[in-house]
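K.L.:
I would like the atomic coordinates for the input below:
(one chain, ligands or ions: 1)
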Amino acid sequence: MDDVHHRDKAPIIVWFRKDLRTDDHRALASAAETGRPVIPLYIREDQAEAGPLGEAQAWWLHHSLTSLADRIEKLGSHLILRSGDAETVLQKLVQASGATAIFWNRRYDPVGIAIDKPLKETLSSDALEVVSFSGALLHEPSRVKTKTGGPYKVYTPFWRAVEAGGEPPEPVDAPKVLEAPARFPSSEALADWGLLPKRDWAADFAERWEPGETSAREKLEDFTESTIDGYRASRERTWEAGTSRLSPHLAMGEISPARIWHATRGLSKADTADVITFRKELVWREFAYHLLFHNPDMPTESLNRKYDKLGWTKGDKDFDRWTKGLTGFPIVDAGMRELWRYGTMHNRVRMIVGSFLVKDLLIDWRRGERWFRDTLVDADPASNAMNWQWVAGCGADASPFFRVFNPITQGEKFDTDGLYVREHVPELAELPSKWIHHPFDAPAAVLAKAGVKLGDTYPEPIVDHAKARDRALAAYRNIKDAA
Ligand code: FAD
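P.N.:
Here you go, the predicted model:
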């Protein structure tokens, strides 16, 4: 076989990472377009991202890979699973398959960049072409710049720059067919990876979630057909599905942000203001990656370093009660239990539980970030770190430290009838709405009638919020005075 002919027919390896989809997957679409055989590959890397996947997301990954493998089979191909260091795996596969090209979509977390950049250089040669594509974000993080060419630190000007930059590229459709190589390389078995949690705490995840791109597209359709209409108000309703619930699908790349963005164009039912509010949320995700790209240590270091001197408490017992949803503050407990049961939590409640941990308990935001990373199905190195730093007041464009959320008034405002609390803290279900967010103030007769025995069926509050607030403000003042 002459060299040109050989190269024409030589396979292209498409390396899937956190982009477990066939739709709007530029690496896959470009490989398919060549008409050459494609070897779809997923590597379980030794070290990817800012720390290993959390347990909740490992559950998601298992099902997501199952779903991707099915999709790829339908296109006439086969997903190969390998584990280990990416360079070793790729080199072996190139040798075994005779592949002359590797395509992948870029990733933007610091660990991913640190792996991919040198890898591209090491692997590229006359005999091997390595090509990377965009797709995880609406715009490349390096493209959005301030007038002086620097990174943004504040969201609103970032949003304006994104808006002024025009529409993100149109999504590309999934290939109709993938050419199979003469022989598929061997694959490891997904079941052997042990991604499903040993304990059965993820038992209820499937009630709420169906990983995979088919489900992601269905959710997008439902959202754009109905939920987006009135999104500005519904997104604050803790007790109902008033948002898109696309975040875990985005986190695993089962749907692209461009597909979502363009699906919200020209909707007849939705108010333009609803569409803009929703797009602004998508752009918060972009902003998180922009910040992470320019501050690779954002998951572990306060962007505003002066907060490192805050004097966090050790608070192991309090931390434990926070994780279990046993703080005695119903809205906090409901959120933490929703997280444990379904691997998610309403955005508003994430802010409330975060503020409670950092300000009422004076526990370092990094412990909250880590707990979320392990238990959220949408755990994302950029969004999680940015939002925790926002809550703690130490990040970019952050909520000021002196703004301490009151868990009672927040509960009353965002769960007025206590429906969210009743669902997740069933031992309080019979309490009248008037007391549901502060059972510790309820008259004894009301508690007795609702079957609530404080300190027995439901905990007494672990802190006095007013005192905790004063302590947080004093800690903040110390920092300010020292600065
Ligand atoms: P929608 O309201 O439908 O919004 C659409 C999309 O916009 C979301 O899917 C998400 O990709 C993006 N988005 C919305 N709000 C934010 C935000 N505040 N920051 C960044 N992107 C946003 N989101 C994650 O995806 N992963 C995380 O690990 C994560 N950790 C968080 C930790 C804390 C302490 C807080 C306060 C928020 C965190 N968020 C995180 C942001 C937000 O809570 C979720 O993105 C949102 O609840 C997802 O629900 P949805 O898909 O229905 O959102």
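
K.L.:
Residue numbers of this protein in contact with the ligand?
P.N.:
Residues of the chain lying close to the ligand by CB under 6 Å from any ligand atom are 235, 243-247, 250-251, 281-282, 284-285, 288, 347, 350-351, 354, 372, 376, 378-380, 383-384, 387-388, 391. Where C-beta positions appear, they are placed from N, C-alpha and C, glycine not excepted.

K.L.:
In contact with residue 182, which residues are there?
P.N.:
Residue 182 makes contacts with residue 37, as judged by CB atoms under 8 Å, 6 or more residues apart in numbering.

K.L.:
Distance-wise, check it relative to residue 124.
P.N.:
From residue 182 over to residue 124 the distance is 25 Å, taken as CB to CB, to the nearest Å.

K.L.:
contact partners of stretch 78-88?
P.N.:
15-16, 39-46, 65, 68-69, 72-73, 89, 93, 115, 119, 122-123, 180, 184-190, 193.

K.L.:
now stretch 188-197
P.N.:
Counting by CB under 8 Å, 6+ apart, 44, 55, 58-59, 61-62, 65-66, 69, 81-83, 202 sit against stretch 188-197.

K.L.:
I'd like to know which of those residues are part of strands.
P.N.:
Under the assignment DSSP state E, the contacts of stretch 188-197 contribute 44, 81-83 to strands.

K.L.:
what's the helix or strand for residue 217?
P.N.:
helix 213-222 (DSSP states H and E).

K.L.:
After that helix, which helix or strand is next? Please name it.
P.N.:
Following helix 213-222 in sequence, per DSSP H and E, is helix 231-234.

K.L.:
Return the distance of that following helix from the chain's centre.
P.N.:
Remark: helix 231-234 is offset 21 Å from the chain centroid, using CA atoms, centre = their mean, to the nearest Å.

K.L.:
returning to that earlier point: what packs against the helix holding residue 217?
P.N.:
helix 55-74, helix 247-251, helix 257-263 (3 or more CB pairs under 8 Å, 6 or more residues apart in numbering; DSSP states H and E).

K.L.:
Over the last one, what's the mean pLDDT, rounded is fine.
P.N.:
Across helix 257-263, the average pLDDT comes to 97.

K.L.:
Also the second one?
P.N.:
Mean pLDDT, helix 247-251: 98.

K.L.:
Which elements pack onto it?
P.N.:
Counting by 3+ CB pairs under 8 Å, 6+ apart, helix 247-251 packs on helix 55-74, helix 213-222.

K.L.:
Pick the most deeply packed of those helices.
P.N.:
helix 55-74 (a mean of 20; mean count of other CB atoms under 10 Å).

K.L.:
what's that helix in contact with?
P.N.:
By CB under 8 Å, 6+ apart, helix 55-74 touches 16, 20-22, 40, 42, 53, 78-79, 81, 174, 178, 190, 193, 195-197, 202, 205, 209-215, 248, 251-252, 254, 343, 374-377, 379.

K.L.:
Filter those down to the buried ones and hand me the PyMOL line.
P.N.:
Restricted to buried positions by 16 or more other CB atoms under 10 Å, the PyMOL selection for these reads:
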select buried, resi 16+20+21+22+40+42+53+78+79+81+174+178+190+195+202+205+209+211+212+213+215+248+251+252+254+343+374+375+376+377+379
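
K.L.:
Specify which residues of the protein, grouped into ranges, have pLDDT under the cut-off.
P.N.:
The model of the chain has pLDDT under 70 over residues 1-7, 48-52, 268-270, 483.

K.L.:
Just the buried ones from the residues of the chain next to the ligand?
P.N.:
With burial judged by 16+ other CB under 10 Å, the buried subset of the residues of the chain next to the ligand is 235, 243-247, 250-251, 282, 284-285, 288, 350-351, 354, 372, 376, 378-380, 383-384, 387-388, 391.

K.L.:
Just checking the distance from the longest helix anywhere in the chain to the centre of its chain.
P.N.:
The longest helix of the chain (DSSP state H) is helix 272-294. Relative to its chain's centre, helix 272-294 lies at 13 Å (CA atoms, centre = their mean).

K.L.:
One more: stretch 122-135?
P.N.:
28 Å.

K.L.:
And the contacts of it?
P.N.:
With CB under 8 Å, 6+ apart, stretch 122-135 has contacts from 19, 24-27, 30, 87, 90-91, 94, 99-106, 116, 119-120, 140, 169, 253, 256, 258.

K.L.:
Go through these and flag which are in helices.
P.N.:
Those of these lying in helices (DSSP H): 26-27, 30, 87, 90-91, 94, 116, 119-120, 258.

K.L.:
now that we have these, which one has the most neighbours?
P.N.:
Neighbour counts for the ones in helices among the contacts of stretch 122-135 (other CB atoms under 10 Å) peak at residue 27, which has 26 neighbours.

K.L.:
my guess is it contacts residue 13, does it?
P.N.:
No - contact criterion CB atoms under 8 Å: residue 27 and residue 13 do not qualify, at 9.8 Å.

K.L.:
what sits in contact with each of the two?
P.N.:
With CB under 8 Å, 6+ apart as the test, residue 27 and residue 13 both reach residue 103.

K.L.:
Just the closest of the ones in helices among the contacts of stretch 122-135 to residue 155, please.
P.N.:
residue 258 (20.4 Å; CB to CB).

K.L.:
and that closest one, what is it in contact with?
P.N.:
24, 135, 138, 168-171.

K.L.:
Turn those residues into CSV, including neighbour count.
P.N.:
Shown next, in CSV, are those (neighbours: other CB atoms under 10 Å):
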residue, neighbour count
24, 25
135, 26
138, 24
168, 18
169, 16
170, 11
171, 21
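
K.L.:
any chance you could map the strands in the stretch 101-250 of the chain?
P.N.:
Taking DSSP state E, counting those that start in this stretch, the strands of the stretch 101-250 of the chain run over residues 101-105, 129-133.

K.L.:
most neighbours per residue, which of those strands?
P.N.:
Buried most deeply of these, by mean count of other CB under 10 Å, is strand 101-105, with a mean of 23.

K.L.:
Not counting its own residues, what contacts that one?
P.N.:
10, 12-17, 19, 25-28, 30-31, 36, 90, 94, 116, 123, 128-136, 253.

K.L.:
Just want the angle from it to strand 129-133.
P.N.:
Taking axes from the mean of the first three to the mean of the last three CA atoms, to 10 degrees, one finds strand 101-105 and strand 129-133 inclined to each other by 10 degrees.

K.L.:
Let the chain start at 479 from now.
P.N.:
Yep, numbering from 479; the last one is strand 579-583 now.

K.L.:
Quickly run through the sheet partners of strand 579-583, with directions.
P.N.:
strand 490-494 (parallel), strand 607-611 (parallel) (DSSP bridges).

K.L.:
Turn those strands into TSV, columns for distance to residue 807.
P.N.:
TSV is the format used below for the strands paired with strand 579-583 (distance: least, CB to CB, whole Å):
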stretch	distance to residue 807
strand 490-494	42
strand 607-611	47
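
K.L.:
how about those, which one is nearest residue 903?
P.N.:
strand 490-494 (39.9 Å).

K.L.:
would you list the helices and strands packed on helix 725-729 in CSV and tack on distance to residue 880?
P.N.:
Putting these into CSV (distance: least, CB to CB, whole Å) gives the following:
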stretch, distance to residue 880
helix 533-552, 33
helix 691-700, 38
